[in-house]
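Colleague: Make a model of this:
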Amino acid sequence: MTGIDAQHIGNPRNDGTPGARLYSVPITLSRAVTTHEADALRRHWDRPAVIPECHRPGIMRAAGSRVVLDGTTFEEIKRYHAATLRRVIDLVNAENADRSTDLDAQLLG
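Modeller: Have a look, this model is predicted:
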């Protein structure tokens, strides 16, 4: 994660309905993710190994070099979601490293 893409933050509805004060917040990554990585990020976000006090499954999507949390607040990102997202990214990166090692072994074996 390299930061929040402030130019593309969504606006809350502010219409009094549930969730009306939540934002769509794009978070930039250091590189673009593959389709496989985007699927893995979403899967691990929806079912994290460590579930924080406040978690919103189903709000994360990844494409290009961004992850978007669609339905949150800046306070929630700071207090809960940033740590969860870091763990998810680390897990997906570790899975990719294992996958690459397995592929190398198959090709060389």
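Colleague: what residue ranges in this protein score low on pLDDT?
Modeller: For the chain, the stretches flagged by pLDDT under 70 are 100-109.
Colleague: what ranges do the helices span in this protein?
Modeller: 35-46, 74-76, 82-108 (DSSP state H).
Colleague: mind checking which of these is nearest Arg56?
Modeller: helix 74-76 (7.7 Å; C-beta to C-beta). Just so you know, the C-beta spots here come from the backbone N, C-alpha and C atoms, and that holds for glycine as well.
Colleague: between the helices of the chain, which gets nearest to Ile27?
Modeller: Across the helices of the chain, closest to Ile27 is helix 82-108 (C-beta to C-beta), at 7.0 Å.
Colleague: Let me see the contact set for the residue nearest to Met1 when sequence neighbours are not counted.
Modeller: Distances taken as C-beta to C-beta, 6 or more residues apart in numbering put Ile27 closest to Met1, at 5.6 Å, once the chain neighbours are dropped. By C-beta atoms under 8 Å, 6 or more residues apart in numbering, the contact list for Ile27 reads Met1, Gly3, Ile4, Asp5, Arg66, Val67, Val68, Leu69, Ile77, Leu85.
Colleague: now Asn11
Modeller: So Asn11 contacts Tyr23 (C-beta under 8 Å, 6+ apart).
Colleague: Can you check which of the helices of the chain gets nearest to Ile59?
Modeller: helix 35-46 (8.0 Å).
Colleague: Could I get the buried residue list for that closest one?
Modeller: Glu37, Ala38, Ala40, Leu41, Arg42, His44, Trp45 (16 or more other C-beta atoms under 10 Å).
Colleague: Alright, calling it a day.
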